[in-house]
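Got a predicted structure plus its sequence, pasted below:
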Amino acid sequence: MNRFGTVAIWAIVAFCVISLITLPINMQTQLIASITIVALMAVIKIMKGDGIWRLIALAFGTAIVLRYVYWRTTSTLPPVNQIENFIPGILLYLAEMYSVGMLALSLFVVSMPLPQRTERKGELKYFPKVDVFVPTYNEDEALLANTLAAAKALDYPPDRLQVWLLDDGGTEQKRNSVNVLEAQAAIARHNSLRQLCDDLGVRYLTRAKNAHAKAGNLNNGLDHSDGELIAVFDADHAPARDFLLETVGYFEDDPKLFLVQTPHFFLNPDPLERNLQTFEKMPSENEMFYGIIQRGLDKWNAAFFCGSAAVLSRKALKETDGFSGVSITEDCETAIALHSLGWNSVYVDKPLIAGLQPATFASFIGQRSRWAQGMIQILRFRFPLLKRGLSFPQRLCYMSSTMFWFFPFPRTMFLIAPLFYLFFDLQIFTASGGEFLGYTLAYMLVNMMMQNYLYGSFRWPWISELYEYVQSVHLLPAVVSAIINPRKPTFKVTAKDESVLVSRLSEISRPFFVIFAVLFVALLVSIYRFYAEPYKADVTAVVGGWNLLNLIIAGCALGVVSERGERSASRRVRLSRRCEFVLDGRSYPATIENVSANGARVQVFGLDRQIIGEDMDAAIRFKPYSGEEPEELPVLVRNFEGQGELTAVGCRFTPCVARHHSLVADLIFANSNQWSDFQMARRGNPGIFFGTLWFLRLALFQTSRGLVYLARSMKPKAGAAKRAA
């Protein structure tokens, strides 16, 4: 009877909703209803309504969205017999329906995400044996040294912790290659990393062949280790000391737990943040996923493995014969397999590792292409909606995560749709200007307000559109390739330790300038048609406005592909840590002001500036978190400047022994609170209005900057000019 009552209630609610969204009303009533709902949502937002009020606001917005979908489906599609209009018209319609579907899945996942979990590091009394895996392929030895040193310094009983370097760059296959240069490089790497591991007290492990990429490398580690739990860190992801203290305890709470995932925090900006100079002002792109979406997935027991910064159960992995390797995104694929077998996951929303992002736009696109192709492989091979063993909410969550990567198709359609009318006079969206205001504009505004409700402090207005646009240009062929031949994509390691030494245009920037030029011509055409065809002025104004919005986003993208010169991919981390600066056998009281993977800036008191010079050997003496007595880290003086009684000294680390790498790791990575503080400092919600104004200013400046870079790139080089002469 209870089940029957529930079904009856849902049936009545569904009938009422359908009746509401299909109610025939005139345009004036539609406008009044739209304005009223937008105003109510704005009032709830201004009053900071949460809980049930948040759901009410989202429900109001959903009503407008559904009303738009009904109108769009029944009143705006071109006739089937007008094939030149119908085909692009139906493609645009499908693109919009995809967006509505993804909005629905987003509402399901994150409308009421779980709150952040409380800290557990003071509670841990359960100390299972943990194997720490650091898989590597071609990463630099200095980068690996910092990560391994940080892993070795984890605050955990030493006899219960074993750190492994899983080296896929020194396999027997590579060392015996017929290419003598490749073989010698692999032999040198193998010997060098073995020595590094011996010095740090870490186990070195390689294998015969590079089979199944990262998944195969991790599975080889499983075969040679015996810890109850497996912690996985990418080669450039160094953990804070409290990583295991914050994660291991959850496995004692739940014997069916297979995963504790933590967010990926990055010390350096991604190429968009670096080129737009927003890294310290605006939340990073990944924070929307790790700050909101993963917490939403966690509510439905669907938080998934992200390849690093996670702890997994060996017992659970045995049920799937280790890490799955059918797709090139072994992390999410492994999570689906274990969730379908009844295992659980937990997400801890606290940054406990710090890593590096791709420094160049080309590497950024390469990374995202791999993610997109891997998720489409999972959709093809594991199809979550029909995956046996998953709960219905888990199926929806995984569909949301995999379907997201189809965004290049609708984003491309939204880009070119106005051009069909402006250049070819095709009628692919049959509506008047008034109907556009009453339905489409209301839908767009409500959609933005709903996104602001869901992600306001983590994603500012129009930034998602910019990220999707700059990716779509190059991801579209990659996605099409994975759809046609899902077994073709192969795992490629993303370069993280690059740097852009001089300002230049990205090597893959040309399509963005071509698109901008086409959209600019379309803007001129829309202005001409507005005055030349006054009887179509309302439609031309609407389509021209749509094209102008695309032009603004495309203009901002010109700044994204205009790479700013930067000496290093490493980012300086601000901190305030007492130390002593040692020079010529004398020590001076000092404070470490900031630090990077390569060096530090130290404020020194009482230093005689007559005795200091560039390229002098010195040392920083400080007490590490993992020790009782102060230790010295050798440095080389790179620069200095007087600041009253203080002298600011820029230093470069010159590690001589393994312990020095541990001290560098202690300075940068030991304290996880500094990363949380940095994230919180740049989280703020400017709102739709002020956020839009900010984006317009940003886009105007970046458009001009991109055009300047283009003009510079077209100037003949001095040498070429002389040769031509």
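Everything's here; your move.

contacts, neighbours, all on C-alpha from now
Fine.

From the centroid of the chain, which residue is nearest?
Ranked by distance to the mean C-alpha position of the chain (C-alpha atoms, centre = their mean), the top residue is residue 286 at 3.1 Å.

Now it: closest residue in space that isn't a chain neighbour?
Nearest-residue entry for residue 286: residue 264, 7.8 Å, with adjacent residues in sequence omitted and distances by C-alpha to C-alpha, 6 or more residues apart in numbering.

likewise residue 471?
residue 365 (6.5 Å).

now do residue 402
residue 375 (5.2 Å).

Tell me the strands beside the lengthiest strand in the chain, with direction?
If you go by DSSP state E, the chain has its longest strand at strand 631-643. Strand 631-643 sits in its sheet next to strand 617-622 (antiparallel), strand 646-653 (antiparallel), going by DSSP bridges.

Which positions within that strand qualify as buried?
Within strand 631-643, the residues that count as buried by 16 or more other C-alpha atoms under 10 Å are 631-640.

How about stretch 624-632?
For stretch 624-632, by 16+ other C-alpha under 10 Å, it's 624-625, 631-632.

do stretch 384-392 as well
384-385, 389-391.

what does stretch 650-663 give?
Within stretch 650-663, the residues scored as buried using 16+ other C-alpha under 10 Å are 650-655, 658-663.

Need the CA coordinates for stretch 172-190. CSV is fine.
Only the C-alpha atoms of stretch 172-190 are listed here, as CSV (Å, rounded to 0.1, in the frame of the first residue of the first chain):
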residue,chain,number,x,y,z
GLU,A,172,63.5,-4.4,-20.1
GLN,A,173,61.7,-3.7,-23.4
LYS,A,174,63.1,-0.2,-23.5
ARG,A,175,66.6,-1.1,-22.2
ASN,A,176,66.9,-3.7,-25.0
SER,A,177,65.4,-1.6,-27.7
VAL,A,178,66.9,-1.9,-31.2
ASN,A,179,67.1,1.9,-31.2
VAL,A,180,70.4,2.4,-29.5
LEU,A,181,69.7,6.0,-28.3
GLU,A,182,66.4,4.9,-26.7
ALA,A,183,68.1,1.9,-25.1
GLN,A,184,70.9,3.9,-23.6
ALA,A,185,68.5,6.6,-22.3
ALA,A,186,66.4,3.8,-20.6
ILE,A,187,69.5,2.2,-19.1
ALA,A,188,70.7,5.6,-17.7
ARG,A,189,67.3,6.3,-16.3
HIS,A,190,67.0,2.9,-14.8
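
Quick check: mean pLDDT of it?
Mean per-residue pLDDT for stretch 172-190: 92.

How about the contacts made by residue 190?
169-171 (C-alpha atoms under 8 Å, 6 or more residues apart in numbering).

Highest neighbour count among these?
residue 170 (29 neighbours; other C-alpha atoms under 10 Å).

May I have the secondary structure class of it?
What DSSP: H, G, I helix; E, B strand; the rest coil gives for residue 170 is coil.

quick one: contacts for it?
Residues near residue 170 by C-alpha under 8 Å, 6+ apart: 186-187, 189-190, 206.

Can you tell me the closest non-neighbouring residue to residue 157?
residue 127 (7.6 Å).

Helix, strand or coil: sort out that neighbour for me.
Going by three-state DSSP: residue 127 is coil.

sorry, back to before: what lies in contact with the helix or strand hosting the residue nearest to residue 471?
Assigned by DSSP states H and E, residue 365 belongs to helix 361-382. Helix 361-382 is contacted by residues 270-272, 327-329, 333, 357-358, 399, 401-403, 405, 471, 474-475, 478-479, 482-483, 486-487, 489, 491-492, 494-495, 506-508, 560-561, 563 when judged by C-alpha under 8 Å, 6+ apart.

Between all of the buried residues of stretch 650-663, which two are separated the most?
650 and 658 (22.7 Å; C-alpha to C-alpha).

ok, the residue nearest to residue 286 - contacts?
286, 290, 308-309, 351-355.

In strands only, show me the residues you listed.
353-355.

Distance check, residue 460 against residue 417.
Distance, residue 460 to residue 417, by C-alpha to C-alpha, to the nearest Å: 25 Å.

who's more crowded, those two?
For residue 460 versus residue 417, the count of surrounding residues by other C-alpha under 10 Å is larger for residue 460: 25 against 20.

I'd say that one and residue 685 touch.
Yes - between residue 460 and residue 685 there is a contact under C-alpha atoms under 8 Å: 6.9 Å.

Among the contacts of residue 190, which one lies nearest to residue 443?
Among those, and counting by C-alpha to C-alpha, the member closest to residue 443 is residue 169, at 51.9 Å.

Now for that closest one: which residues touch it?
136-138, 186, 189-190.

Of all pairs in those residues, which one is the farthest apart?
Applying C-alpha to C-alpha across the contacts of residue 169, the maximum distance is between 136 and 186, 12.7 Å.

Any regions of the protein where pLDDT drops low?
1-10, 13-17, 489-499, 567-571, 717-725 (pLDDT under 70).

Could you check the angle the host helix or strand of residue 397 makes with helix 361-382?
Here residue 397 sits within helix 392-403, counting by DSSP H and E. Following axes from the mean of the first three to the mean of the last three C-alpha atoms, to 10 degrees, one obtains 140 degrees for the angle between helix 392-403 and helix 361-382.

now for helix 392-403, which elements pack on it?
Applying 3 or more C-alpha pairs under 8 Å, 6 or more residues apart in numbering; DSSP states H and E, one finds that helix 392-403 contacts helix 83-110, helix 361-382.

No further questions, thank you.
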